[in-house]
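I'll drop the sequence and a predicted model, then ask my questions.
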Amino acid sequence: MRTIGIIGGGQLGRMLAMAAARLNFRTIILEPQVDCPAAQVANGQIVAAYDDAAALEQLAAACDVVTYEFENVPVDAAERLARSLPVFPPPKALEVSQDRVTEKQFLNGCGIQTARFHAIDSQDDLERALADFSGKGVLKTRRLGYDGKGQRVFRSENDDPAGAHLALGGVPSILESFVPFEREISIIAARGTDGTIACYDPAENIHRHGILHTSTVPASINGATAEAARLAATAILTALDYTGVIGVEFFVLADGTLIANEIAPRVHNSGHWTEAACVVSQFEQHIRAVTGLALSDGARHSDCVMQNLIGDDIDDLPVWLAQPNTLIHLYGKTEARPARKMGHVTWLA
Ligand code: AMP
């Protein structure tokens, strides 16, 4: 095993490529954008669309295993690759996580609680579903939503739903019941090719404008809630016969009950803290998993807070550089557009 193909050229691919290099693996990135963050630190880039047949063939010929850094990789492309070489995580994980209805059905099938939900295909569906949830809920597109995009929150019966389905593009959607959560957590877990599972400690996440702002570890949850998160992640990894790192996001109710929100079949923004507070980061853990190496146990040596640098936050770099016990990681993006993830910092307590 020598060369790892990575579909997607963003910061997650970049950090995977860096971790791979330390273990003597070469990486090739499939990404249409030239000079993307991942290609800057990888051994090669195939500049093409993710579903370009010739490019996929070229990637398969050049690599020993293929992985990906985002969950909207076309399932067809992953399945096509899987006919000629191992693709980890399995394409089934993409299928499950690309559609919020399929995802919730899968989670419920694993015995994991989610928000109640209705599939929405019309304004009529929406109004019926809202009536069922006493006028409260979160309307989301079923596919291709991220960082809170493609969503509409209904906070009370006075919130007028007129035109709401069309405003979301009239695409297949989901109405979720409104979860009165006390906090949000996520857990990063990994499964090796031999079925070994290792979990990192859950992180407590704060979002701003729908984008992750900070992840704090340890989360303010009790041992039973942390164990429930580990058990849920374990059930998901096992059900998917998974190889690689996964991120699972949960809402935590006042009594500690966990409500799963979504799964990400990849390394996850809320796991960036592991590069500073654990000996083996989520990125190395993923590379170990997909190449059949032994996993780390996920142990953490420090408490920490990870903060994303979004858009102009990058201007605070001198402040972070002056901060003790702080690891800075920048993504090689030249233009600091609003809402764009430019880097992150992790402060060790
Ligand atoms: P998502 O795109 O599903 O991660 O949602 C973005 C954010 O919206 C979440 O992190 C929550 O803060 C909030 N949110 C999403 N779904 C719900 C829900 N069913 N009930 C309450 N808040 C929600």
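Right, received. Where do you want to start? Not measured: the values here are computed from a predicted model. Numbers count the residues shown, from 1 in each chain.

Val87 touches Leu81, doesn't it?
Yes: using C-beta atoms under 8 Å, Val87 is in contact with Leu81, at 5.0 Å. Using the backbone N, CA and C atoms, a C-beta is placed for each residue, glycine as well.

what about the two, which has more around it?
Set side by side, Val87 and Leu81 show more neighbours around Val87, with 28 against 24, by other C-beta atoms under 10 Å.

hey, what's that one bridged with?
Legend: beta-bridge partners of Val87 under DSSP bridges are Val66.

Please tell me how far it sits from Leu144.
Here the criterion is C-beta to C-beta, to the nearest Å. By it, Val87 lies 21 Å from Leu144.

where do the contact lists of Val87 and Leu81 overlap?
Counting by C-beta atoms under 8 Å, 6 or more residues apart in numbering, the common neighbours of Val87 and Leu81 are Val66.

is the ligand contacted by the helix or strand harbouring Ala260?
Element membership of Ala260, judged by DSSP states H and E, is strand 258-264. Yes: using C-beta under 6 Å from any ligand atom, strand 258-264 comes into contact with the ligand via Asn261, Glu262.

Show me what that strand is packed against.
helix 91-97, helix 100-109, helix 223-239, strand 244-252 (3 or more C-beta pairs under 8 Å, 6 or more residues apart in numbering; DSSP states H and E).

any idea how far it is from the chain center?
Chain-centre distance of strand 258-264: 11 Å, with C-alpha atoms, centre = their mean, to the nearest Å.

Using PDB, write out the CA atom coordinates for the next helix or strand after it.
Where DSSP H and E defines the elements, the next helix or strand beyond strand 258-264 is helix 274-277. Provided in PDB are the C-alpha atoms of helix 274-277 (Å, rounded to 0.1, in the frame of the first residue of the first chain):
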ATOM      1  CA  THR A 274      -7.600  16.100  18.200                       C
ATOM      2  CA  GLU A 275      -4.500  17.400  16.300                       C
ATOM      3  CA  ALA A 276      -3.500  19.400  19.400                       C
ATOM      4  CA  ALA A 277      -4.900  17.500  22.300                       C
END
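
Which elements pack onto helix 274-277?
Identification of packing neighbours for helix 274-277 by 3+ C-beta pairs under 8 Å, 6+ apart yields helix 282-290, strand 304-310, strand 326-330, strand 341-348.

Quick one: residues in contact with that helix.
15, 188, 200, 217, 280-283, 285, 300-304, 306, 327, 329, 346, 348.

tell me which residues in it are buried?
Within helix 274-277, the residues that qualify as buried are Thr274, Glu275, Ala276, Ala277, counting by 16 or more other C-beta atoms under 10 Å.

Give the burial count for the residue lying closest to Leu144 once chain neighbours are set aside, as a bare number.
Leaving out its chain neighbours, the residue that sits closest to Leu144 by C-beta to C-beta, 6 or more residues apart in numbering is Asn72, at 6.2 Å. The tally of other residues near Asn72 (other C-beta under 10 Å) stands at 14.

quick one: Asn72 and Gly145 touch, right?
No: between Asn72 and Gly145 there is no contact under C-beta under 8 Å: 10.0 Å.

Quick one: neighbours of Pro338, just the number.
For Pro338, using other C-beta under 10 Å, the count is 8.
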